[in-house]
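A.B. asks: please find the sequence and the predicted model below.
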Amino acid sequence: MDVLHTAYRVVELTVGWIFSRDWLPPKDFQLLRWLIVPGFGYGFILVGLGLAELLIPAKRRAWTRQSWLSVTYFLFAGKIGFYSLLVSPAMRKAWLYLGLPSFHLDERLPLPVYMVVALLVVTFTAYWAHRLMHTVPLFWHIHKIHHSVENLNYTSVYHFHFLEALVHTPLHLSAVLLLGTNIVAPFGIIGRFIDVFGHSNVRVNTRWLPYLISTPEAHRVHHSSDPIHYNKNFSNIFMWWDHVFGTFHHDPMHPATEFGVAEPVPTSFIKQQVLPVVWIGRDIKDGLRRALRGRS
């Protein structure tokens, strides 16, 4: 029994470290709670999708350097995004201290109504933040790392450059704080499931659901390397803003099957974190050079 208890504790500490934003294993992490307790059942989602990808993959793939890279991002996702945890309370304190405007709908509306309003606003800002990541060259250099994934799978949701949250977090928080200063995550675990599920390499036929939520069929279009799919399906959870702004695409007869970006991106975690900074520096240098040339 002591051996089993020790083995369980090792697994618990390992999983806790992977999903913690701290560099030391969290002492209060509870594996069973993470797996099954309502509101925390994120572990059940990840384990379930991992098994589904093994049993019913949309596309069977050999284990490659891309696979090891996916594992690396999966292991360090919490560590890369740790500053989001710092930004949220800091922004809220600054918002209150500076007396910035808020409608305080969190206090004036019944919670269910407020959550629906917050969901519409947060998904709207998420849509445009994501769309700007594709259309503004500086942001695209950062977001390109996420789109460089060729073996799209459920761990790809964690495959992103550390600077991404610097764009998304303040924009989302500004929208939420404008609604109300008590930060409420509308439908958090449901939204997280849809986002992870949408990236998964699972063979499913969700019929009409791609018109409503970001199913694998819908989100593969967004990651597709086929030019006909470029700049489509920006929504990561609900697809309504893609319908409103004309970026929705779904063609069951011609699904997306190949992923990645045209520009070569190295399959190295360190290089992928450094390269966007190099690209941005290069663009700034070229812009300054053109400006100086125009003055002469």
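C.D. replies: Received it, and whenever you're ready, just let me know what you need.
A.B. asks: nearest spatial neighbour of D283, chain-adjacent residues omitted?
C.D. replies: When the adjacent residues along the chain are set aside, D283 lies closest to P137, with 6.2 Å between them (Cβ to Cβ, 6 or more residues apart in numbering). Backbone N, C-alpha and C define where each C-beta goes, glycine included.
A.B. asks: so for that neighbour, what's the pLDDT?
C.D. replies: At P137 the predicted local confidence, pLDDT, stands at 91.
A.B. asks: so it makes contact with R282?
C.D. replies: No - counting by Cβ atoms under 8 Å, P137 stays clear of R282, with 10.7 Å between them.
A.B. asks: do a quick rundown of the helices in the stretch 151-296 of the chain.
C.D. replies: Chain-ordered helices for the stretch 151-296 of the chain, with DSSP state H, counting those that start in this stretch as the definition, fall at 164-179, 188-199, 216-223, 240-244, 269-295.
A.B. asks: then the stretch 1-150 of the chain?
C.D. replies: Residue ranges of the helices in the stretch 1-150 of the chain, as given by DSSP H, counting those that start in this stretch, are 2-19, 31-36, 42-55, 65-80, 82-98, 105-108, 111-135, 137-147.
A.B. asks: to A262, which of those lies closest?
C.D. replies: Evaluated over the helices of the stretch 1-150 of the chain, closeness to A262 peaks at helix 137-147, with 10.0 Å, by Cβ to Cβ.
A.B. asks: tell me the angle the closest one makes with helix 188-199.
C.D. replies: Taking axes from the mean of the first three to the mean of the last three Cα atoms, to 10 degrees, one finds that helix 137-147 is oriented at 80 degrees with respect to helix 188-199.
A.B. asks: one step back: how about the helices of the stretch 151-296 of the chain in TSV, adding distance to T125, mean pLDDT and mean neighbour count?
C.D. replies: Converted to TSV, the helices of the stretch 151-296 of the chain look like this (distance: least, Cβ to Cβ, whole Å; pLDDT from 0 to 100; neighbours: other Cβ atoms under 10 Å):
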stretch	distance to T125	mean pLDDT	mean neighbour count
helix 164-179	4	78	18
helix 188-199	13	85	18
helix 216-223	18	96	24
helix 240-244	10	96	17
helix 269-295	22	88	12
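A.B. asks: now render the ones you listed as TSV, adding distance to N233.
C.D. replies: Written out in TSV, the entries for the helices of the stretch 151-296 of the chain read as follows (distance: least, Cβ to Cβ, whole Å):
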stretch	distance to N233
helix 164-179	17
helix 188-199	9
helix 216-223	4
helix 240-244	6
helix 269-295	23
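A.B. asks: out of these, which is closest to T155?
C.D. replies: T155 lies closest, by Cβ to Cβ, to one member of those: helix 188-199, at 7.8 Å.
A.B. asks: tilt between the closest one and helix 111-135?
C.D. replies: 30 degrees.
A.B. asks: tell me the pLDDT at W23?
C.D. replies: According to the prediction, W23 has pLDDT 63.
A.B. asks: likewise for F187?
C.D. replies: The predicted structure lists F187 with a pLDDT of 64.
A.B. asks: now I145
C.D. replies: Confidence per residue is given as pLDDT, and for I145 that number is 94.
A.B. asks: spit out the contact partners of the nearest residue to it once chain neighbours are set aside.
C.D. replies: Nearest residue to I145 in three dimensions, chain neighbours excluded: H161, at 4.3 Å (Cβ to Cβ, 6+ apart). If a contact means Cβ atoms under 8 Å, 6 or more residues apart in numbering, then H161 has I142, H143, I145, H146, Q272, Q273, P276 as its contacts.
A.B. asks: how much space between H161 and M91?
C.D. replies: Look at H161 and M91: by Cβ to Cβ, to the nearest Å, they are 21 Å apart.
A.B. asks: from F238, how far off is I190?
C.D. replies: The gap separating I190 from F238 is 10 Å, by Cβ to Cβ.
A.B. asks: out of the helices of the stretch 151-296 of the chain, flag the one nearest P57.
C.D. replies: With Cβ to Cβ, the closest approach to P57 among the helices of the stretch 151-296 of the chain belongs to helix 216-223: 10.9 Å.
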